[in-house]
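Student: I'd like to go over a predicted model; first the sequence, then the structure.
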There are 2 protein chains.
Amino acid sequence: MAEENSIFVGTKPFMNYVTGVVMQFTTKNASEVMVKARGKFISRAVDIAEVSTKRFLEGVVVVKHININSEKFQNTEGKEVRVSTIEIALQKVNK
Amino acid sequence: MAEENSIFVGTKPFMNYVTGVVMQFTTKNASEVMVKARGKFISRAVDIAEVSTKRFLEGVVVVKHININSEKFQNTEGKEVRVSTIEIALQKVNK
């Protein structure tokens, strides 16, 4: 899947991300879109996937699979910290 | 899977949940444990699954599958609101 079909969830208004997902599937005719997030934004990514598939693209797009993982990095004090990540793959239903 | 193998993530200290998961697999010898959460606690559920499987039960327990869903209910003003849910199934690896 091309990297441009990924949506990284952060601090923008909620509906920006939902619109982004819907447009990838409609205007850009994508067959698959990946919703990605880290840390506290994971809950938001799930909300975006749910609202996109249940309200705006019901019967058209479903959750294909979900992966969770961890990233390790050093914080400003040189201490190693771990952050969780999520990838939610949304897929157009074949009709 | 028995309902007693489910852990509902809320406001308790983080390590309570991780300890709960680890004990289900060790002391209680469960083959599968479900970590469940709603709304903003979803990020926390992912953290708990990651820390449990990557730090405490590495090579012993893995993420089997993840489901997300939505629950609808009426708030105190009688308005219908939607909340996202997650279920993370953790499974003991067969050796």
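Tutor: Thanks, I have the structure now.
Student: quick one: the helices in chain A?
Tutor: A:14-25, A:42-51 (DSSP state H).
Student: Out of the ones you listed, which one sits most buried?
Tutor: Per residue and on average, the most neighbours among the helices of chain A fall to helix A:42-51, with a mean of 25 (mean count of other C-beta atoms under 10 Å in any protein chain shown). Bear in mind the C-beta positions are built from the backbone N, C-alpha and C, glycine included.
Student: That one to helix A:14-25, inter-axis angle?
Tutor: On the basis of axes from the mean of the first three to the mean of the last three C-alpha atoms, to 10 degrees, helix A:42-51 is oriented at 50 degrees to helix A:14-25.
Student: name the helices or strands packed onto helix A:42-51?
Tutor: When contacts are defined as 3 or more C-beta pairs under 8 Å, 6 or more residues apart in numbering or on different chains; DSSP states H and E, helix A:42-51 sits against helix A:14-25, strand A:32-38, strand A:80-92, helix B:42-51, strand B:61-74, strand B:80-92.
Student: chain center to that helix: distance?
Tutor: Its chain's average C-alpha position is 7 Å from that of helix A:42-51, according to C-alpha atoms, centre = their mean, to the nearest Å.
Student: and if you look at stretch A:39-52?
Tutor: 7 Å.
Student: got the contact list for it?
Tutor: A:7, A:9-10, A:14, A:17-18, A:21-22, A:35-37, A:61, A:63, A:83-86, A:88, A:90, B:39-43, B:46, B:68-70, B:82, B:84, B:86 (C-beta atoms under 8 Å, 6 or more residues apart in numbering or on different chains).
Student: Bridged to residue A:7, which residues?
Tutor: Beta-bridge pairing for residue A:7 (DSSP bridges): residue A:35.
Student: Reformat the helices of chain A as TSV; add mean pLDDT and distance to residue B:51.
Tutor: Output for the helices of chain A, formatted as TSV (pLDDT from 0 to 100; distance: least, C-beta to C-beta, whole Å):
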stretch	mean pLDDT	distance to residue B:51
helix A:14-25	97	27
helix A:42-51	98	14
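Student: For residue A:37, list the residues it contacts.
Tutor: A:8, A:9, A:10, A:44, A:45, A:85, A:86 are the contacts of residue A:37 under C-beta under 8 Å, 6+ apart.
Student: just to revisit the earlier point, which of the helices and strands packed on helix A:42-51 sits closest to residue A:53?
Tutor: strand A:80-92 (6.4 Å; C-beta to C-beta).
Student: That closest one near chain B at all?
Tutor: Yes - among the residues of strand A:80-92, A:82, A:84, A:86, A:88 lie within reach of chain B under C-beta under 8 Å from any C-beta of the partner chain.
Student: average pLDDT for that strand?
Tutor: What strand A:80-92 shows for mean pLDDT is 96.
Student: Could you list the paired strands of that strand along with their orientation?
Tutor: Going by DSSP bridges, the partners of strand A:80-92 are strand A:32-38 (antiparallel), strand A:61-74 (antiparallel).
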